[in-house]
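**Q** Sharing a model that was predicted from the sequence below.
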Amino acid sequence: MITFFKQDNFFRDATVAFLSWLLLIGIYYLIPDPGIHDIIQKVFILGLFALSLNILIGYLGLIAFGHATFFATGAYTLGLFLQSNFITDYNLGALSIPIAIILSILISGILSAIIGAICIRLKDIYFSFLTLAFQMFIYSIILALVNITGGDQGLMGGFPKPPFLGLDLGQPFDFYIFTLFVSIFVILMLRQLIESSFGYGLRMIRDNPERPSALGFNIKNHKLIAFILAGSIAGLAGSLQALLDVGAYPEWAFWSKSAEPLFMILLGGMHTFLGPLMGALIFEILNDFVTANTRYYGLVLGLVILGFVLGLRQGLLDWLLMQFNRK
Amino acid sequence: MLKLINLSKSFGGIFATNNVSLELKKESINAVIGPNGAGKTTLFNLITGKLKADSGKVFLEEQNITNLSETEITHLGIARAFQIANIFPTLSVYESIKLAILSKKHGLYNMWGRFSDHSINIEANQIAKLSGLYKVKNIICSELSHGDQKFLDIALALALKPKILLLDEPTAGMGPEERWMMISRIKDLWKKTKMTILFIEHDMDIVFDIAQKIYVLQQGKVLAEGLPKDIKQNQNVIDAYLGGG
């Protein structure tokens, strides 16, 4: 039993993923507090967002500062599609939500291919700033197209959530198990990617971007593929967030939204696969308990980050693993 | 095997490489010597495609490889090691070697198979043994000794199974004893693999000891070329470089 969990392969990871899902369903029944369920859902949605950014930051060594672009793209794609006449014209019915989610991933993927193809030509801070510039460009477009996006009001009026596969996402429990299943499944796929040859190619670029071309390895393709994957997963996270909130808001495309997954990565740790998910948990707990007790949320978040950076000098999960390995 | 014809490259009007022609025989070991700024590393950068030549041609086994990209030239069979060990600080020796092998085989696009249980383990072990890094294969690159880091850089080039190996000052930054150890490892490697090797070196004793043919560069030009004994007696070389010694 223990040897099974000590081995490092896909079946071990898949088992852990499935058991985690079951455990979280168990928690739903054990703790019948909608507030807790809401936090868990958000941790996974934001965790997915942060994990996707960490492909670029932790494994590729590129500090992307406009990642919310793709989160917002996914959210607006889902909302606009579900509000559109396609649903009724083509009588999509039960297929509506699966199609909307897949479309969100695709559109974010295409947008990240375009933005990525331009940004990856630059290095270091120039790369970061260009991603930020594209983000503000997309943000301005969302604000300007009032007729389509609702401008600064956000995408209002809600949208239908037709049941599929026996899941009615209007029901809290159905939404909970669906969101967690999708998130955990994608995290499992991401884990496989990070541990694959492709994933080690990313580490190679992070460690030394000059050497690979003298080994016959074209790093531009690799960087672009990673950028597209990260953007697509962020789009998925955005679409889940839109499903949860039954709307989409321009703040999701603002630069401060891009800072959130960065904080999560800092808090949780960028060198451990699940670090950003841990970061999302810390972030959400802070968000929930601090905003309930004080208006100075930013101050508390700042102090906590300062504590991590100065005290641990790394994310929590990185630090815990280091302590564990020392023994 | 490798043939350069009138290769030139200038930076801001100053020739770093001026009309250089040379020809390496198959399975030979050759040295490039010359004072600092003679254009030795630039010559390597031109051969490997890191820099584009202004004029002249490079042939690899009758194939014109002038101005192909660095990755293309690497895949055609020219690999290099760098003056300052150019390795992957957070990866282990073994992982680095495996990654180099996968680069050559276009295997880095595999998004599903686990890197840890890849089918190239046997090959990677062979390279580790051949380069004398087998004992330290699980050590993180940044924790290796200076000599082993330099040799890992060479091992990465070896993992590509090149036809021609270019070594840019393999003994740079080493003490006298370490230098000879490095050179005997290179000699050993050359005997085992029968690769064509071109290396840059400052230490005359080392060059005269192992090179079959020597090219002396000065201000981007080939000042002299020939067998070690001819170079030793060449008046131009003595005046310009060996300092009358």
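**A** Ah, there it is. Note that the coordinates shown come from a computational prediction; the quantities given were computed from them, not determined experimentally.

**Q** can you tell me the helix or strand for the closest residue to residue A:252 other than its chain neighbours?
**A** Once its chain neighbours are removed from consideration, residue A:252 has its nearest residue in residue A:72; the separation is 4.2 Å (CB to CB, 6 or more residues apart in numbering or on different chains). (Each C-beta comes from the backbone N, C-alpha and C, glycine too.) Secondary structure here is read from DSSP states H and E; on that basis residue A:72 sits in helix A:68-83.

**Q** For the closest residue to residue A:274 other than its chain neighbours, pull up the helix or strand it's in.
**A** The shortest distance from residue A:274 to any residue that is not its chain neighbour, by CB to CB, 6+ apart, is 6.3 Å, and that residue is residue A:317. Element membership for residue A:317 (DSSP H and E) is helix A:316-326.

**Q** which other helices and strands contact that helix?
**A** In terms of contact count using 3 or more CB pairs under 8 Å, 6 or more residues apart in numbering or on different chains; DSSP states H and E, helix A:316-326 is assigned the packing partners helix A:255-268, helix A:275-293.

**Q** What residues sit buried inside whatever helix or strand comes next after the helix holding residue A:72?
**A** Next along the chain after helix A:68-83, taking DSSP H and E as the criterion, comes helix A:86-89. Residues of helix A:86-89 classed as buried by neighbour count (16 or more other CB atoms under 10 Å in any protein chain shown): A:86-87.

**Q** Run through who's touching helix A:86-89.
**A** Residues external to helix A:86-89 that are found in contact with it (CB atoms under 8 Å, 6 or more residues apart in numbering or on different chains): A:81, A:92, A:96, A:160, A:162.

**Q** Could you check how many residues crowd around the first one?
**A** Spelled out, that is residue A:81. Using other CB atoms under 10 Å in any protein chain shown, residue A:81 is surrounded by 21 other residues.

**Q** Tell me how far it lies from chain B.
**A** Summarising the geometry, the distance separating residue A:81 from chain B, computed by CB to the nearest CB, to the nearest Å, is 28 Å.

**Q** Run through the strands of chain B in chain order.
**A** Secondary structure of chain B, counting by DSSP state E: strands at B:2-11, B:14-24, B:29-33, B:55-60, B:63-64, B:78-81, B:164-167, B:196-200, B:213-218, B:221-226.

**Q** Tell me which of those strands is the most buried.
**A** Across the strands of chain B, averaging neighbours per residue (mean count of other CB atoms under 10 Å in any protein chain shown) puts strand B:78-81 on top, at a mean of 27.

**Q** next one: it to chain centre, how far?
**A** For strand B:78-81, the separation from the chain centroid amounts to 5 Å (computed by CA atoms, centre = their mean, to the nearest Å).

**Q** How about stretch B:64-73?
**A** Per CA atoms, centre = their mean, the centroid offset for stretch B:64-73 relative to its chain is 16 Å.

**Q** what residues does it touch?
**A** By CB under 8 Å, 6+ apart, the list of residues contacting stretch B:64-73 reads A:213-214, A:216-218, B:47-50, B:52-53, B:56-60, B:76, B:78.

**Q** do stretch A:292-311 as well
**A** For stretch A:292-311, the surrounding residues in contact (CB under 8 Å, 6+ apart) are A:263, A:266-267, A:282, A:286-287, A:290-291, A:314-316.

**Q** Quick check: nearest residue in space to residue 78, chain neighbours excluded?
**A** Answering for chain A, as no chain was given. The shortest distance from residue A:78 to any residue other than its chain neighbours is 4.0 Å, reached at residue A:239 (CB to CB, 6+ apart).

**Q** oops, I was thinking of chain B
**A** The spatially closest residue to residue B:78, leaving aside those adjacent along the chain, is residue B:164, at 4.8 Å (CB to CB, 6+ apart).

**Q** Any idea what that neighbour is bridged to?
**A** Following DSSP bridges, residue B:164 is listed with bridge partners residue B:78, residue B:196.

**Q** Now do the contacts for it.
**A** For residue B:164, the residues meeting the contact criterion (CB under 8 Å, 6+ apart) are B:1-2, B:24, B:60, B:77-79, B:195-198.
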